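A.B. asks: model this:
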Amino acid sequence: MRTPAVSLSTAQVDQFNTQGFLALPSLTDPEDIARLRDSYDRIFNEMAGRDRGDQFDLAGTDEEGKKQSLPQILHPAQYAPEMNESALLVNATQVAKQLLGQDASCEFAHAIFKPARYGAETPWHQDAAYWSPELFYTSVSIWVPLQEATPENGCMEFIPRSQELDVLRHQSINNDPRIHGLEIHPDDRHHIAGTKTCPLPPGGATFHGPYMLHHTGPNRSQVPRRALILNAALPPRKRATPLHFPWQKEWQTAREARATAAAARGIEVGPAPTGELNKR
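C.D. replies: Purely as a prediction, here's the structure:
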């Protein structure tokens with residue numbers, strides 16, 4: 001079993017708790033990143049999991065044969081199990097336990113690919129807007145670029161201290177229910193102020209909780225932007241009063257249709273990240 005090679009200082013834990021996010025310049029080594037990038041490219045080239053609803057265009061209407069502007073794969077380690085042998089997972093788990101407690105579990109939740117020159121933005125949103133309105137989550141998303149992440153190609157951006165908010169109003173991107181990706185409703189966009197941009201080298205990482213407002217811009221560079229996202233979590237708690245997420249009821253996505261059809265054929269469809277609805 002690998003020994004973790006990364007550990008947070010008390011000051012870094014305090015920064016995460018007060019600001020709601022943390023950026024680290026290195027969460028794993030170049031050799032590990034090279035292996036993960038090979039696996040990542042393979043599953044995207046294969047469009048792994050598309051027939052089960054795990055591969056889809058997060059920012060588009062996702063019709064068959066249409067160019068995808070923000071392709072995503074849920075549960076990438078299901079299609080590239082060698083990812084679970086990575087130093088990245090060991091180190092991410094160590095950091096997650098420091099942030100959430102020793103009972104936290106960690107897994108590869110999804111992978112997002114921004115094609116060179118036309119890869120779409122991931123609009124401002126909160127992760128919990130994709131999940132159950134009946135539950136309160138204690139979790140952390142760990143975003144890891146497999147090449148340099150810059151403002152030009154779509155590095156992470158945060159609104160410091162926005163983790164203190166509960167879930168704001170959301171809608172499908174462009175208010176089109178055929179699109180799975182969510183964005184903050186225009187009436188709540190006044191919360192988007194004081195942006196902190198987090199460029200990273202390959203194998204660096206950002207950490208944020210489920211209520212943190214965050215965003216990545218479009219890819220205007222000449223190279224693809226690859227990112228792996230891990231999720232670490234404690235069991236969610238039942239809310240005394242459930243929230244109301246009308247945007248989830250309005251979804252009419254091709255991704256959901258494929259997942260439903262696969263389940264009807266007896267194909268086991270895995271749980272979404274956090275065990276609830278899937279995202280980002």
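A.B. asks: Residue 163: what's it in contact with?
C.D. replies: Residues counted as contacts of residue 163 (C-beta atoms under 8 Å, 6 or more residues apart in numbering) are 20, 21, 208, 209, 211, 212. Heads up, the C-betas are built off the backbone N, CA and C, glycines and all.
A.B. asks: repeat that with 6 Å
C.D. replies: Counting by C-beta atoms under 6 Å, 6 or more residues apart in numbering, residue 163 touches 20, 209, 211, 212.
A.B. asks: Per-residue pLDDT of the first one, please?
C.D. replies: Residue 20 carries a pLDDT score of 98 in this model.
A.B. asks: isn't it right next to residue 212, touching?
C.D. replies: Yes: Residue 20 lies in contact with residue 212 (C-beta atoms under 6 Å); the separation is 4.7 Å.
A.B. asks: hmm, back to that, of the contacts of residue 163 - the most surrounded one?
C.D. replies: residue 212 (25 neighbours; other C-beta atoms under 10 Å).
A.B. asks: Test my guess that that one contacts residue 22.
C.D. replies: No: if you go by C-beta under 6 Å, residue 212 and residue 22 don't touch, sitting 10.7 Å apart.
A.B. asks: Checking the closest residue in space to residue 188 that isn't next to it in sequence next. Helix, strand or coil?
C.D. replies: Leaving aside its chain neighbours, residue 188 sits nearest to residue 168 (4.3 Å; criterion: C-beta to C-beta, 6 or more residues apart in numbering). Secondary structure, DSSP: H, G, I helix; E, B strand; the rest coil: residue 168 is coil.
A.B. asks: gap between residue 168 and residue 243?
C.D. replies: To residue 243, residue 168 is 10 Å away according to C-beta to C-beta, to the nearest Å.
A.B. asks: Which of the two has more residues huddled nearby?
C.D. replies: residue 168 (20 against 14).
A.B. asks: now that one: how far from residue 109?
C.D. replies: According to C-beta to C-beta, residue 168 and residue 109 sit 22 Å apart.
A.B. asks: Low-confidence ranges, the protein, go.
C.D. replies: Where the chain drops to pLDDT under 70, the residues are 1, 268-280.
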